[in-house]
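Student: pasting the sequence and the predicted model now:
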Amino acid sequence: MSIASFSGGVRRRGLLKAGLIVGAAQVASPFVLRARAADSVKIGLDNPLTGTYGGPGKNELIGCQLAVEQINAKGGILGRNVELIVEDSTSGDAGTAVQKARKLIDGDKADFLLGNVNSALALAMAQVSNEKKILHIVPGGHTDAITGSSCHWNVFRVCNTTQMEAAAVAATLIKDYGKKFYYITPDYAFGHTLEAGMVKACAALGGSRVGGDLAPLGSADFSAYLINAQAANPDVIIFLTQGDDMVNALKQAVQFGLDKKIHLAGAQQELEPLEGLPPEARIGTWVMEWYWNQPGVPHVAEFVDIVKKRTGRVPTARTWFGLVSVWTCALAAAKANSLDAVAMAKALQGFQLPPEIALSPNPAIYRAGQNQLLATLYVGTAQASGDAPDDLFKVTSVVNGADIAGPLEDSGCKMTWPA
Amino acid sequence: MTQLILYSVFNGLIVGAFYALMALGLSLILNLSGVINFAHGGFLAIGAYLAYTLIPVIGFWGALVLAPIVTAMIGLAVERAMIRPLYGRDPLYGLLLTFGLAYIIEDGTRFFWGAQSVPFQVPGWLTSPLSNQFFFLTGYRLFMIVIVAIAVGGLFFVLTYTRLGMRIRAGTHDLDTVSTLGVNVGLLRNLNFGIGIYIAGLAGVLAAGLLGLSPTMGASLLMPSFVAIIVGGLGSLLGTLLGGLLIGLASGLTAVFFPSATEAVIYVMMGLVLLVRPRGLLGEEGRMH
Amino acid sequence: MNKAQRRAFDIAVWALLLTMPYWMGAIGGYTELATRIVVMGLAAMSLNFLLGFTGVLSFGHAAYFGLGAYGTAMAIKYLAQGTLLSMAAGIVIATIAAAIIGALIVRRRGVYFAMVTIAFGQVFYFIAFRWNVVTGGDDGLTGWHRMPIDLGLANLDIFGNDKAFYYFALVIFAICVAIMAMLLNSPFGRTLLAIRENERRARFLGIPIERHIWLSFVISCLFVSVAGTLYALLNNFTDPRALRFDLSGNFVIMAVLGGMRFFWGPLIGAAIFVALQDYISSHTENWMSAIGLVFVLVVLFFPRGVLGILRGRSAE
């Protein structure tokens, strides 16, 4: 062994030692946070912090943390301190999400389960929470089945169904842009139901689907679909992609100059992808589930201020989902005066959120028999900048969720309660 | 219809050129060092994020030049510290190490730049199409082709006409003999790795203009690069180049007739090549052992 | 290490396994984690049949793991079969796939073999991902769960009772491990070791190398698919992640971490890896760096694995 490699070994060992110390410190410090009071009420959050959905997941976490602080400042749940236990479900590994759900319920004895951004993971977790009879709030998992064909008595959802989003934006599109639509749909359950919802809502108003493409999740290159879309000569190209896929698709559409020939629009839009787009690609007509810039609506400005002070950025719909989810737990327990899941679930039937939580012009109510929150939807256009640098969305119309949610029978939810 | 086919073919070639660039870096490292660099996508992301950070300081063109260089320097350091000890050992260890490295890089980029996509600003005159008729010929895609062509040309020039390049090519065939001729093999591998990572970083800067910039951006580009190498043939850089173009072309054509199979066709091609001509189109026999 | 020591070690391992659900809680674990360790341990040991004992690197074993999982899930969901029959369905599908693919790739070695196993693994991932109608696509196959097993004499409620399922998994694990041990101690097993040590010499001795490697590959994939079926039953869910190459990578690191050359090595590696990942990811969102660091450290400093270090010390 030559001198050179020996000294390399020593250097490497030193580097490694440093790395181990840093790593140990990382693990050690949060450990202190986990030494919890035995008597606190525990809310388990099983949401992505890494991977594709890490961004929205992080924002939901911020909303949850803020809510926990507010609740504790007001005396906690049933007089006991509230503790948020956070687990990373990863963005797609159902095995991990289910494992963490069981860990939170069996290991940490959580009283509530929250999650998941990824609808599929939310469904998998719902099976666990139902089996264990724990109250489960889904902040931002959108597939209709969660409060539809796979609904459970113990599972509540804050964000909208795809049917509601489609119904909200369809009218604006038909009125302002035309009747021929081409769909670029992400190829998973959420995308399929959203497209089905859009096609149905537009058809009811005279619109028609002139064509569409199913893009696999995580598609990098949308040029093929955009070329097909242009060839079909629609009035509007509907982008149902989300997150990074939305960013890729819009970026490329604008580079093709398609926005100058055809209207670009879609259904669900969020602030996170808009922030990820270069300013010239922040275009199109969309519907958002909550927006921070709501002049004239009480309590919203305070919420925005607190979040801005704490994180340096404005809250997004995801932050609001997190806030509502945790508060729902507290309010349910307060109304039922117990932590029994069945009692709390019954207390939440038809429950209306107080205005400082609803943070919207219309009331926010959990629909009885479906456990779906009916709140407000915001239709508008994306913009490069507005009143403020983060004002990337111009709201043109505000829709009351209760008005456009279809009849309960159509949702496919048949709720059965334990004996 | 012919127009649509033409569009798709052309576009497929553009995408293929990009795959080829990625695959070339990977192939370069694989041929000389026998290491499958799972972290290649991670270095692509590093290149992209560095460019994003540098643009406000030195502008897009400055970032285009500097970001890949910094990425390459990181690659050189990584090779020296972590990969060099693995030469001569079972290829298993190189695989595992770069695998772990990929995790660390993804987490690192998320730690420094956040989990959310960040906006990447490309000079305005590049982002519009050149003509109404050929709208898919955006300035940016053509720019990509030009840069890829320059990079590939540069790479082949270095490999053919410089001493370093000659040594790399010789080392790919017979590293022992090269070593006995007095060449510092460790340094050679190091520089070779650096070149491969430079290409990855460059691909990252190009990708950032086309895709969203997020910590997971490199992951989806890694697999097509593997397939390009398998299709083109292990051991042949020209084969890798060809492989990349071919799979891009196949993707483009499939998009016209059978849009949902656009990705699947890449794997079908790989399967076909493995069945009919396992060493790849231009691969060398005996390279697999 | 003599026979008595080896026997003692075996007994210790089994004692720990038999009682795991009971002492798991005390150290911050939970029953499901114990089951997960057994399942991953089986997967890693199956991979090691090929990797550590035949000397062939496959980085695409998750494909067969996942096929076992999907086969089971689809049998339960679409055909309403009982647990054991569904498991059989998953195992059969995965083994047939392994037999076919093994035959295609058995002539390659080293890096190229590894690359090709990765690529084929991705093909199956891709099929599961895109064939939404059948496999549920990215959302995975949901809406089913493991059914209690009717053994004629008694009803084994493996759905409602976590501990019951743990012991069920342990029994399956025991059967597979026993068969693997028998195979490795047989002349066939000795031949595999010979191939691992020096393939060329083995070839000169007239051993049909390709056929042995193919058999080893198929056996290894068969047992990894059993682990896959258990995984599907554990989660009451299966999704394309069960087929991806990062899961393959995890199996390999478990085998190396515990010690590739030792029979129980991969189980030890799986226990450490699963428990570590569970623990670290609860405490920091930078768990990916920690896991990546484990890979890097093991490769650079502990290539012989935990058992390799322990045995090395005892040999001195």
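Tutor: Great, that's in hand.
Student: what about stretch C:28-46, near chain A?
Tutor: Yes. With CB under 8 Å from any CB of the partner chain as the criterion, chain A is reached by stretch C:28-46 at C:Gly28, C:Gly29, C:Tyr30, C:Thr31, C:Glu32, C:Leu33, C:Arg36. Using the backbone N, CA and C atoms, a C-beta is placed for each residue, glycine as well.
Student: in contact with the second one, which residues?
Tutor: With contact set as CB atoms under 8 Å, 6 or more residues apart in numbering or on different chains, C:Gly29 has these partners: A:Gly107, C:Ala275, C:Asp278.
Student: how about the contacts made by the last one?
Tutor: When you say that, I think you mean C:Asp278. Taking CB under 8 Å, 6+ apart as the contact definition, C:Asp278 lies against A:Gln99, A:Lys103, C:Gly29, C:Leu33.
Student: and the last one, how many neighbours does it have?
Tutor: Around C:Leu33 there are 24 other residues, counting by other CB atoms under 10 Å in any protein chain shown.
Student: which non-adjacent residue is nearest it?
Tutor: Among residues not flanking C:Leu33 along the chain, C:Asp278 sits closest, at 5.9 Å (CB to CB, 6 or more residues apart in numbering or on different chains).
Student: the one you found: helix or strand, and which one exactly?
Tutor: Per DSSP states H and E: C:Asp278 is located in helix C:265-283.
Student: A:Ala171 and A:Gly206: what is the separation?
Tutor: Separation of A:Ala171 from A:Gly206 (CB to CB, to the nearest Å): 11 Å.
Student: who has more neighbours, these two?
Tutor: For A:Ala171 versus A:Gly206, neighbours defined as other CB under 10 Å are more numerous around A:Ala171 (17 against 8).
Student: quick one: average pLDDT of stretch B:94-110?
Tutor: Stretch B:94-110 shows a mean pLDDT of 92.
Student: name the spans of chain A whose pLDDT lies under the cut-off.
Tutor: A:1-38 (pLDDT under 70).
Student: the stretch 101-250 of chain B too?
Tutor: B:132-136.
Student: try 80
Tutor: Within the stretch 101-250 of chain B, the segments meeting pLDDT under 80 span B:124-139, B:211-212, B:220.
Student: contact residues of it facing chain C?
Tutor: Counting by CB under 8 Å from any CB, the stretch 101-250 of chain B sits next to chain C at B:101-108, B:111, B:223, B:226-227, B:229-230, B:234.
Student: let's see that with 6 Å instead.
Tutor: By CB under 6 Å from any CB of the partner chain, the residues of the stretch 101-250 of chain B that approach chain C are B:Tyr103, B:Ile104, B:Asp107, B:Met223, B:Leu234.
Student: got the phi and psi for the second one?
Tutor: As for B:Ile104, its main-chain torsions (degrees, to the nearest 10) stand at phi -60, psi -40.
Student: the fourth one too?
Tutor: Note on B:Met223: its backbone torsions stand at phi -60, psi -50 [degrees, to the nearest 10].
Student: with adjacent residues omitted, what lies nearest to it?
Tutor: B:Met223's closest residue in space is C:Gln122 (CB to CB, 6+ apart), at 5.6 Å.
Student: got a list of contacts for the helix or strand hosting the one you found?
Tutor: Assigned by DSSP H and E, C:Gln122 falls within helix C:110-130. Identification of contacts with helix C:110-130 by CB atoms under 6 Å, 6 or more residues apart in numbering or on different chains yields B:34, B:91, B:223, B:234, B:267, B:270, B:288, C:57-60, C:62-63, C:101, C:105, C:108, C:135, C:138, C:240, C:243-245, C:248.
Student: quick revisit: adding secondary structure, write the contacts of C:Asp278 out as a markdown table.
Tutor: Output for the contacts of C:Asp278, formatted as a markdown table (DSSP: H, G, I helix; E, B strand; the rest coil):
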| residue | secondary structure |
| --- | --- |
| A:Gln99 | helix |
| A:Lys103 | helix |
| C:Gly29 | coil |
| C:Leu33 | helix |
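Student: list just the nearest of those to C:Ile76.
Tutor: A:Gln99 (20.0 Å; CB to CB).
Student: next one: the closest one from C:Asp162, what distance?
Tutor: For A:Gln99, the distance to C:Asp162 - CB to CB - is 12 Å.
Student: ditto for B:Glu79
Tutor: B:Glu79 is 47 Å from C:Asp162, by CB to CB.
Student: that older thread, and the contacts of C:Asp278 as TSV, adding distance to C:Ser46?
Tutor: Below are these laid out as TSV (distance: CB to CB, whole Å):
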residue	distance to C:Ser46
A:Gln99	21
A:Lys103	26
C:Gly29	24
C:Leu33	20
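Student: tell me the one of these nearest chain B?
Tutor: A:Gln99 (18.5 Å; CB to the nearest CB).
Student: to what extent is the closest one buried, counted in neighbours?
Tutor: For A:Gln99, the neighbour count with other CB under 10 Å is 26.
Student: cool, thanks, signing off.
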